[in-house]
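Q: For reference, the sequence and a predicted model appear below.
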Amino acid sequence: MAPTIPFLPSESSGEKTLRPSFVRDENERPKVAYNQFSCDVPVISLDGIDDRESGRRGEICRQIIAACEDWGLFQVVEQD
């Protein structure tokens, strides 16, 4: 069995920074002006994340994965 490789640096691994394979090239990163608000940043509602039967949890997980892959960040909102 192959040894498991941690996703992020940890004290136990002795690593202090992210591995280069986790860092996108500058030209692959999303471009958002630092001084302007962008409506393009993904906004994800956590409403229904605890309801496993409705399928909402799976949809939220897919949204989080897509936001992380495409943007590297997202805004979380929870509606009452």
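A: Great, that's in hand.

Q: Could you use CA atoms for every contact and neighbour count after this?
A: Will do.

Q: where does Ile64 sit relative to Asp50, distance-wise?
A: Counting by Cα to Cα, to the nearest Å, the gap between Ile64 and Asp50 amounts to 15 Å.

Q: strand partners of the helix or strand of the chain with the lowest mean pLDDT, parallel vs antiparallel please.
A: Within the chain, no helix or strand scores below strand 75-77, which has a mean of 86 by mean pLDDT, DSSP states H and E. The strands that strand 75-77 pairs with in its sheet are strand 43-45 (parallel) (by DSSP bridges).

Q: In the strand it pairs with, which residues are buried?
A: Of all the residues in strand 43-45, those buried under the rule 16 or more other Cα atoms under 10 Å are Ile44.

Q: now the protein, which segments are flagged as low pLDDT?
A: Low-confidence segments of the chain, defined by pLDDT under 70: 1-13, 30, 32-39, 79-80.

Q: The residue most central in space within the chain sits in which helix or strand?
A: Centroid-nearest residue in the chain: Cys68, 3.0 Å away (criterion: Cα atoms, centre = their mean). Using DSSP states H and E, Cys68 maps to helix 56-70.
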